[in-house]
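*Asks:* coords below, sequence missing:
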């Protein structure tokens, strides 16, 4: 299933408001701009945009930055099986590919919230991405899935958000029975050889990959339209569909609002 069960979560809604589509991607190390096909709620990777550029094209330098609006912002409270489900997806996002194995009762009825930490962004501005489209080798477009460009299914992720670690905290009001530093966490929760766990406080755990990863958990994305030989990247919603002038301008384009999209191949 391409859409995970995490609907209208507080962190997802915040990312959407800033123009980011939350994702679970099949691998780490991805760099923008990257081409995808999205249809029937399925996001399929096609390849880096550089694969479609004319030989000798000079590519602009990617812009790096921080996104303080998202730093340490937490999800809604999660309990029971939702803890394990979200944790499994979130660990994959930061490059820990082994599914977490609970060998004991970790939560004892406690609710948890999660946050992506050590967040950075990298990508191109809309104007730079649009200029780069002028250098696409028209013959290379035949390598796209047949009919997808004409149907509006081809998308370009022009900026990624990366997380270096994952935070897990016992929620206020339910943390009395949870003491992260007193627990033998490694004995209760196994994240495989690629990950490590640290109790950062009495109520908090931090997960990191043992080898630092470029692990993307969200992107800014637009859909590609072709008129003759001209390609245009659309990064806002169509103003003709439910747009109200007093809403403060067009909303950023998203694949789906309020959900996390799992890319095919995961």
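*Replies:* Okay, I see it. A quick note: this is a predicted structure, and the numbers were derived from the prediction, not measured.
*Asks:* wait, isn't residue 226 in contact with residue 147?
*Replies:* No. With contact defined as Cβ atoms under 8 Å, residue 226 does not count as touching residue 147 (11.9 Å). Any C-beta I mention is one placed from the backbone N, CA and C, and that applies to glycine too.
*Asks:* of the two, who's got more company?
*Replies:* Neighbour count, other Cβ atoms under 10 Å: between residue 226 and residue 147, residue 226 has more, with 16 against 9.
*Asks:* and the more buried one, what element?
*Replies:* Per DSSP states H and E: residue 226 is located in strand 216-227.
*Asks:* list the neighbouring strands of that strand plus their orientation.
*Replies:* The pairing partners recorded for strand 216-227 under DSSP bridges are strand 21-24 (antiparallel), strand 154-170 (antiparallel), strand 230-234 (antiparallel).
*Asks:* distance check, residue 265 against residue 42.
*Replies:* To residue 42, residue 265 is 11 Å away according to Cβ to Cβ, to the nearest Å.
*Asks:* who has more neighbours, the two?
*Replies:* residue 42 (16 against 10).
*Asks:* average pLDDT for the strand holding residue 226?
*Replies:* The predicted model gives strand 216-227 an average pLDDT of 96.
*Asks:* next one: stretch 73-88
*Replies:* 87.
*Asks:* what about the strands in the stretch 101-250 of the chain?
*Replies:* Under the criterion DSSP state E, counting those that start in this stretch, strands of the stretch 101-250 of the chain are mapped to 101-102, 112-123, 154-170, 189-190, 195-199, 204-209, 216-227, 230-234.
*Asks:* buried residues, the second one. List them.
*Replies:* For strand 112-123, the neighbour count (16 or more other Cβ atoms under 10 Å) marks 112-119, 121-123 as buried.
*Asks:* right, I'll call it a day here.
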